[in-house]
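Colleague: One predicted model, sequence on top.
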There are 2 protein chains.
Amino acid sequence: MNGPFPLARLAVIGTGLIGGSVARAARQFRLCRELALFSVGPEREAVQAAQIAELVSDDAAEVVRGAQLVVVALPIAAMATILRGIREAVDPQAVVTDTASVKVPAMKLLQEHLEGRTRWVGSHPMSGSERSGFGYSRPDLFAGAISILTPPEDPSEEAVALVEAFWLALGARTLRLSAPEHDRRVAAVSHLPHLLAAVLVRSVDSGALEVAGPGFRDVTRIAAGPAEMWSEILLANRENVLPALRSFLAGLQKATDDLEKGSGTALKDLLSEAALRRLAFRKSSP
Amino acid sequence: MNGPFPLARLAVIGTGLIGGSVARAARQFRLCRELALFSVGPEREAVQAAQIAELVSDDAAEVVRGAQLVVVALPIAAMATILRGIREAVDPQAVVTDTASVKVPAMKLLQEHLEGRTRWVGSHPMSGSERSGFGYSRPDLFAGAISILTPPEDPSEEAVALVEAFWLALGARTLRLSAPEHDRRVAAVSHLPHLLAAVLVRSVDSGALEVAGPGFRDVTRIAAGPAEMWSEILLANRENVLPALRSFLAGLQKATDDLEKGSGTALKDLLSEAALRRLAFRKSSP
């Protein structure tokens, strides 16, 4: 393999759906000679049993020691503690990335804890699922999906290139965005839709659920995701979710008015434009 | 085969996604000896080329003559003309059913045109898709899906049993509901979600679309459906869609307020309840 791979050592902090899948994929594609995983709680046994890593430990400092690349795959709420725990142990030549869904606060945490110590680049693989945990992790989770990179201001190009090469090697496509621009975009296509799906599921009674077909199933699938994680995400990005919500509410209020007035033309215009945009998206999206 | 099948003759009026799939499935499962299809417009050539029917014609009276079961698979706006055209030709012993998505107006049309002439039972197979037209029709479209039956007041049990046996023979599960109850339920799980998906697609800019992942893809898939058909459905059922919309809007306004106030507990409660309900639905739905 060309370029920086295989790394002598890769550290993955967190073994949920994303961290577990990063680990499985890195192993399968032979991106490292040594894989070290930080795993806590009841999941650790399953991680050990999967036999994909040289080291599975709940000592984060031990896990990152000697790693050229450290992937922090934790909820934002858990990041501060871990970053504090690894800052002395991480190699100054290493590159640290994370996978948090909201990049402005994640980048702030990375800077706060790693500045002057090592280099970091934000990452967000758009490969979530309503399933969570190591049990659903799989090596092809990133194949064909987009991983967004959010480099810090005045980044080390070498560090960005390493993280980009890593996601590409896992089968992802990549896109570089500023952290604020990332947060604005995912508010619209990920965080707002999650809230809509949840409100919709809760507004439907059991008689109606009984007749629900494939359309309803798809529209609401994401609402089955982990509530704790999603409320954290929505709060962390509320600065962007709220404007997206208000714009959606205005559009829905307009559609309600059109329906109330029986304005078939206005409704058809809305639905035609939406259908055209959705068909174009289907064509552009694998 | 036991029971009423094979019918000597089955007539299907309309060869779009639903009518075409009814025809293909009836042929594959040998539910009739003779299959007669009413097809107009550019699609007729494809229907003829598929060689699934003994008769493909744009003369509706010719198609229904001698049929024991007539399936009208047309948009509501096209039903009146066709029902007027077949009322003299249809056998008094025949049973007529339709597949319209809104049953109160469909049942009114059936009664208006067939009362005193023959028996009818409403049907609504919950097997739509964002794809439309004969080109996407397939014999397994109804397999495992629910077909809702809406018998008229004081129905002929024999007629209801025939229509029910027909959908069961096509692989569907069935449920009997009054037409108003049907319309109330599908407003919540089909018509409202369609409107939400359309408004969401239109509220997202192209930068955001660029980073959209599988969640967004699923939430908005149905918005690619035919605009003309859906605006007709929404208008025909607005009496039920509007209350569903208002209840959804109230729920979304509450979530917006909670997010604005930064109330993590309220958000987590909403998301937990939605996740639990959606997981239960996943288990009950094949």
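Modeller: Now that the structure is in, tell me what you want to look at. Keep in mind that this is a model prediction, so the values were computed, not measured.

Colleague: Tell me where the stretch 151-286 of chain A has strands.
Modeller: In the stretch 151-286 of chain A, the strands defined using DSSP state E, counting those that start in this stretch lie at A:173-176.

Colleague: Below-threshold pLDDT in it: ranges please.
Modeller: Applying pLDDT under 70 to the stretch 151-286 of chain A picks out residues A:284-286.

Colleague: give me the element residue A:124 is part of.
Modeller: strand A:119-125 (DSSP states H and E).

Colleague: helices and strands around that strand, which ones?
Modeller: Packing partners of strand A:119-125 (3 or more C-beta pairs under 8 Å, 6 or more residues apart in numbering or on different chains; DSSP states H and E): strand A:95-98, helix A:103-114, strand A:146-150, helix A:157-169, helix A:179-186. For every residue, glycine as well, the C-beta is placed using N, CA and C.

Colleague: Point out the one among the ones you listed that comes closest to chain B.
Modeller: helix A:179-186 (4.2 Å; C-beta to the nearest C-beta).

Colleague: Residues in contact with the closest one: which ones?
Modeller: Contacts to helix A:179-186, defined as C-beta atoms under 8 Å, 6 or more residues apart in numbering or on different chains, come from residues A:101-104, A:106-107, A:122, A:124, A:126, A:148, A:150, A:177, A:237, A:239-240, B:207-208, B:210-211.

Colleague: What subset of the residues you listed is buried?
Modeller: Among the contacts of helix A:179-186, those classed as buried by 16 or more other C-beta atoms under 10 Å in any protein chain shown are A:101-104, A:106-107, A:122, A:124, A:126, A:148, A:150, A:177, A:237, A:240, B:208, B:210-211.

Colleague: could you list every residue that touches the nearest residue to residue A:251 once chain neighbours are set aside?
Modeller: In space, and not counting its chain neighbours, residue A:251 is closest to residue B:199: 4.4 Å by C-beta to C-beta, 6 or more residues apart in numbering or on different chains. For residue B:199, the contacting residues are A:248, A:251, A:252, A:255, A:270, A:274, by C-beta under 8 Å, 6+ apart.

Colleague: how's chain A carved up into domains?
Modeller: Residue ranges for the domains of chain A, per automatic domain parsing: A:7-177, A:182-284.

Colleague: Same list as before, these that is, but in CSV and with distance to residue B:23 included.
Modeller: As requested, the domains of chain A are exported to CSV (distance: least, C-beta to C-beta, whole Å):
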stretch, distance to residue B:23
domain A:7-177, 36
domain A:182-284, 21
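
Colleague: contacts for the strand holding residue A:124?
Modeller: A:18, A:71, A:94-101, A:103, A:106-107, A:110-111, A:114, A:141-142, A:145-152, A:155-156, A:159-160, A:163, A:167, A:172, A:179, A:182, A:186.

Colleague: Show me how to select, in ChimeraX, the buried members of those residues.
Modeller: A single ChimeraX command selects the buried members of the contacts of strand A:119-125 (16+ other C-beta under 10 Å):
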select /A:18,71,94,95,96,97,98,99,100,101,103,106,107,110,114,141,142,145,146,147,148,149,150,151,152,155,159,160,163,167,172,179,182,186
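
Colleague: could you list every residue that touches the residue of the stretch 1-150 of chain A found nearest chain B?
Modeller: For the stretch 1-150 of chain A and chain B, the shortest gap (C-beta to the nearest C-beta) falls at residue A:126, measuring 3.6 Å. Taking C-beta under 8 Å, 6+ apart as the criterion, residue A:126 is in contact with A:145, A:146, A:147, A:148, A:186, A:190, B:211, B:212, B:213.

Colleague: Tell me the one of those residues nearest residue B:131?
Modeller: Residue B:131 lies nearest to residue B:212 out of the contacts of residue A:126, by C-beta to C-beta, at 20.2 Å.

Colleague: Just give me the neighbour total for the closest residue to the closest one other than its chain neighbours.
Modeller: Excluding the flanking residues, the one nearest residue B:212 by C-beta to C-beta, 6+ apart is residue A:189, at 4.1 Å. Residues lying near residue A:189 (other C-beta atoms under 10 Å in any protein chain shown) number 25.

Colleague: What of residue A:56?
Modeller: Neighbours of residue A:56 (other C-beta under 10 Å): 21.

Colleague: Contacts for the helix or strand hosting it next, please.
Modeller: Counting by DSSP H and E, the element that carries residue A:56 is strand A:55-57. With contacts defined as C-beta under 8 Å, 6+ apart, strand A:55-57 is touched by A:15, A:34, A:35, A:36, A:37, A:38, A:39, A:44, A:47, A:48, A:62, A:63.

Colleague: neighbour-wise, which of these leads?
Modeller: residue A:15 (31 neighbours).

Colleague: For that one, give its distance to residue A:184.
Modeller: Distance, residue A:15 to residue A:184, using C-beta to C-beta, to the nearest Å: 30 Å.

Colleague: And the helices in the stretch 1-150 of chain A?
Modeller: Using DSSP state H, counting those that start in this stretch, the helices of the stretch 1-150 of chain A run over A:17-28, A:43-50, A:60-64, A:76-86, A:103-114.

Colleague: Contact partners for residue A:198?
Modeller: Residue A:198 neighbours (C-beta under 8 Å, 6+ apart): A:223, A:230, B:255, B:270, B:271, B:274, B:275.

Colleague: In this structure residue A:43 contacts residue A:15, no?
Modeller: Yes. Under the criterion of C-beta atoms under 8 Å, residue A:43 makes contact with residue A:15 at 6.0 Å.

Colleague: Common neighbours of these two, please.
Modeller: residue A:134.

Colleague: Is residue A:148 bridged to anything, and to what?
Modeller: residue A:124, residue A:175 (DSSP bridges).

Colleague: Tell me where the stretch 1-150 of chain A is predicted with low confidence.
Modeller: A:1-2.

Colleague: That one against chain B: which residues are in contact?
Modeller: Selection of the stretch 1-150 of chain A residues close to chain B by C-beta under 8 Å from any C-beta of the partner chain yields A:126, A:127, A:128, A:129, A:130, A:145, A:146, A:148.
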